[in-house]
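the following block contains a protein sequence and its predicted model.
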Amino acid sequence: MSVKKKKGGGGGANWMDTYGDMVTLLLCFFVLLYSMSTISEEKWRAIVTSFNPFADLTATDPEGNDGPIADPEDESQGGYPSIPDVAAQEEINEIIEDLVYRIQAVAADNGMDDAIQVDMNGGKVYVKFTDTVFFGGNSFVLRDEAKVVLSQLCDVLDEAAPAIEEIRIQGHTAQQFADQPNETEGDRFLASNRATEVLVFIQDNSSIFPARLVSEGCGQWRPVDSNETLEGRRSNRRVEMIISGRNLEADKLGESLTHFDTSETGADSQENS
């Protein structure tokens, strides 16, 4: 009498479905725990270097200029990206004083001792550029030789950046006729555009925080010599740069820029502007 063998059931591999569901749930659980955890920078570095002792652990800024490590100071307060604060007021003063000699060296290296004058007064550095250094007659387009000088000047300013509170650039013109003022619009625009051209170059080629750069057009109204002579008019046509050092005891630059009039009149004027 023959005995028939029973065939196995068709659901013998169903345990894999249950196992897969369990692994998925565990994965989700650990992802949830990870999302709520904090990572110690020291432990992270230790783990990375254990796998690769030569790994580059330089921090990067994942959010561009607004990232948490892009600026050691709040940008609205005039912070310097990637530049540390100066620790002592004495050091700031020394850096500003040294700027005089550094800028004089730039002028000497380019054979422009007569065209670039540097002085210091009241803790500020005053730099005077004759118009022939930077611009042609009645033009606000920077000369090529001016760009060379400004590039070297930007290098000097970069090294002194943590000590600089503000750089104010002023454009001046000369009165063409001694007995007749210049045409107002052309005079003011030429002075303002020349100052702005210098500012734009410095902003694009240095690490100076833009809020610390100011351009002004003074026109013919702040002469340093007589407009009755050719030599006097040459002296009056100029671009001046005034560099102020930081004062650690004073308010930060940004605070003075955000003090708006909150009175009823001031609020109405802002709403209607």
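In hand now; what should we look at? Keep in mind it's a predicted model, so treat the numbers as computed, not measured.

in this structure, which spans are strands?
Secondary structure of the chain (DSSP state E): strands at 116-121, 124-130, 164-172, 213-219, 238-245.

just checking: what are the partner strands of the third one?
In this case it means strand 164-172. The sheet places strand 164-172 alongside strand 213-219 (parallel), strand 238-245 (antiparallel), with pairing taken from DSSP bridges.

for the shortest one, same thing?
Using DSSP bridges, the neighbouring strands of strand 116-121 in the sheet come out as strand 124-130 (antiparallel).

what lies in contact with the strand it pairs with?
Outside of strand 124-130, the residues that reach it under the criterion Cβ atoms under 8 Å, 6 or more residues apart in numbering are 96, 99-100, 103, 115-120, 234-235, 237-245. Every residue, glycine included, has its C-beta placed from N, CA and C.

apply 6 Å and report the result again.
Residues lying outside strand 124-130 but in contact with it, judged by Cβ atoms under 6 Å, 6 or more residues apart in numbering, are 99-100, 103, 115-119, 238-244.

show me how to select, in ChimeraX, the buried members of the residues you listed.
Typed into ChimeraX, the line below selects the buried ones among those, using 16 or more other Cβ atoms under 10 Å:
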select :99,100,103,115,116,117,118,238,239,240,241,242,243,244
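
so which two of the contacts of strand 124-130 are the farthest from each other?
Pairwise distances across the contacts of strand 124-130 (Cβ to Cβ) peak at 23.5 Å, for the pair 115 and 244.

if we can go back for a sec, quick check, nearest of the contacts of strand 124-130 to residue 89?
In terms of Cβ to Cβ, no member of those lies closer to residue 89 than residue 244, at 13.6 Å.

show me the one of the strands of the chain that comes nearest residue 183.
Closest among the strands of the chain, once you apply Cβ to Cβ, is strand 213-219, at 10.4 Å.

wait, what's in contact with residue 134?
142, 146, 239.

can we see that at 7 Å?
In this structure, residue 134 makes contact with 142-143, 146, 198, 239, judged by Cβ atoms under 7 Å, 6 or more residues apart in numbering.

mind checking which of those are in helices?
Cross-referencing these with the helices (criterion: DSSP state H) gives 146, 198 as the overlap.

quick one, which of the contacts of residue 134 are buried?
142, 146, 198, 239.

my guess is the first one contacts residue 195. True?
No: using Cβ atoms under 7 Å, residue 142 and residue 195 do not qualify as a contacting pair, with a distance of 11.8 Å.

could you give the average pLDDT over stretch 89-96?
Averaging the model's pLDDT scores along stretch 89-96 yields 92.

any chance of the strands paired with strand 164-172 in JSON lines, with mean pLDDT too?
Shown next, in JSON lines, are these (pLDDT from 0 to 100):
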{"stretch": "strand 213-219", "mean pLDDT": "95"}
{"stretch": "strand 238-245", "mean pLDDT": "95"}
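
now that we have the ones you listed, can you turn them into a markdown table and tack on distance to residue 176?
What follows is those, written out as a markdown table (distance: least, Cβ to Cβ, whole Å):
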| stretch | distance to residue 176 |
| --- | --- |
| strand 213-219 | 12 |
| strand 238-245 | 15 |
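
now the helices for the stretch 1-150 of the chain?
Shown for the stretch 1-150 of the chain, the helices assigned by DSSP state H, counting those that start in this stretch span residues 15-35, 41-51, 89-109, 131-134, 144-160.

most packed of those helices?
helix 131-134 (a mean of 22; mean count of other Cβ atoms under 10 Å).
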